[in-house]
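Okay, predicted coordinates and the sequence, questions at the end:
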Amino acid sequence: MTKLLTIDTSSKNASISFSENGNIINSEIWTSANNHSIELSDNVLNLLSQSNLEVNNLDYISVSIGPGGFTAIRVGISFAIGLSKFSNIKILGIPTFEIEFEKNNDIDNQDVIAIIPAGFNAYCWKSKKNIHLRNVDGIFNSEDFGKLFQKKNFFCGENLEELSKKYKDYSFFNEQIRHPELMVSLTNRIINEKKQEKYYDLIPIYSRLPNITKKKETK
């Protein structure tokens with residue numbers, strides 16, 4: 001029986017869940033107040049308590065590795081590593097785009113595009129046909145959406161209300177929240193199909209490279 005804890009803190013819409021063999025026992029979804037670290041810790045402890053579960057009873061932890069918020073992504077990965085440190089728990093790093101595509105897994109359409117906010121009125125995107133590639137396909141500002149994409153495309157993602165109102169001739173999927181069921185379903189399929197090796201990489205995926213300021217030299 002596979003006991004799985006999922007953690008998705010790649011954006012302000014965060015979630016966790018505990019499931020057994022794909023059946024969710026407990027879950028929690030919340031909108032972060034830019035304090036992912038404390039929120040995640042408190043919610044995981046509450047979830048484990050409610051489920052009468054010890055950390056070392058888990059078989060797997062799956063954690064979203066981005067793209068998304070720079071700090072938010074690292075909080076989730078670091079927390080998952082910390083939980084597994086003294087237990088024999090395998091961690092799977094799940095690209096956030098793949099969780100988005102899971103919303104429409106029944107649609108075998110290469111024209112599906114997943115979009116995730118990247119800050120400063122920008123979005124990063126990934127085409128389903130490029131799901132085998134790790135990094136984002138690109139980044140764009142909202143006013144350039146119509147120049148970049150075709151009306152035959154279908155769009156899924158998070159916080160796309162502005163785009164869907166501005167570009168009414170395009171097809172947007174209504175569901176814009178990544179519910180824990182998506183991550184549970186995707187992770188269990190990866191495990192059942194024995195594709196875990198691909199997902200052991202926990203290096204974060206960022207929508208853009210982080211800005212690192214060089215330390216000023218002292219005279």
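Yep, that arrived.

Next up, the contacts around the residue lying closest to G157 once chain neighbours are set aside.
Distances taken as CB to CB, 6 or more residues apart in numbering place I115 nearest to G157, at 3.6 Å, with adjacent residues excluded. To be clear about C-beta, it is placed using only N, CA and C from the backbone, and glycine gets the same treatment. Contact partners of I115, counting by CB atoms under 8 Å, 6 or more residues apart in numbering, are 123-125, 155-158, 160, 163.

Can you pick out the ones from those that are in helices?
Members of those lying in helices (criterion: DSSP state H): L163.

re earlier: give me phi/psi at the residue nearest to G157?
I115 adopts backbone torsions of phi -130, psi 130, taken as degrees, to the nearest 10.

Which stretches in the protein count as strands?
Listed in chain order, the strands of the chain (DSSP state E) span 3-8, 13-20, 23-31, 60-64, 90-94, 112-119, 122-127, 138-141, 154-157, 171-172.

Would you point out which residue is most central in the chain?
The centroid of the chain falls nearest to T96 when counting by CA atoms, centre = their mean (3.0 Å).

okay, that residue: pLDDT?
On pLDDT, T96 comes in at 96.

and it, how far is that from F86?
28 Å (CB to CB, to the nearest Å).

next one: P67
In terms of CB to CB, P67 sits 30 Å off from F86.

Would you mind checking the contacts of I115 for buried ones?
123-125, 155-158, 160, 163 (16 or more other CB atoms under 10 Å).

for the residue lying closest to E175 once chain neighbours are set aside, what are its contacts?
Nearest non-adjacent residue to E175, counting by CB to CB, 6+ apart: K103, 5.6 Å away. Contacts for K103 (CB under 8 Å, 6+ apart) come out as 156, 173, 175, 178, 182.

now, which of these sits nearest V136?
Ranked by distance to V136 (CB to CB), these are led by C156 at 14.9 Å.

Leaving out sequence neighbours, find the closest residue to that closest one.
Of all residues not flanking C156 in the chain, F173 sits nearest, at 4.4 Å (CB to CB, 6+ apart).

related to what we said a few turns ago, flag whichever of the contacts of K103 scores worst on pLDDT.
E175 (78).

still on that earlier bit, who's more crowded, P67 and F86?
The neighbour count for P67 versus F86, taken as other CB atoms under 10 Å, is higher for P67 (28 against 9).

Could you measure from the more buried one over to Y123?
10 Å.

What of G82?
Applying CB to CB to G82 and Y123 gives a distance of 31 Å.

in this protein, which spans are helices?
36-50, 70-84, 96-102, 145-148, 161-166, 180-192.

which one of those helices is the most hemmed in?
helix 96-102 (a mean of 24; mean count of other CB atoms under 10 Å).

Let me see the contact set for the closest residue to I203 other than its chain neighbours.
Leaving aside its chain neighbours, I203 sits nearest to I65 (7.2 Å; criterion: CB to CB, 6+ apart). Contact analysis of I65 by CB under 8 Å, 6+ apart lists 10, 73, 76-77, 93-96, 201-205.

now do N104
112, 154, 156, 173.

Would you check that N135 makes contact with P204?
No: with contact defined as CB atoms under 8 Å, N135 does not reach P204; the gap is 10.9 Å.

what residues go with each domain of the protein?
Following the assignment in automatic domain parsing, the chain carries domains at 3-97+178-199, 107-172.
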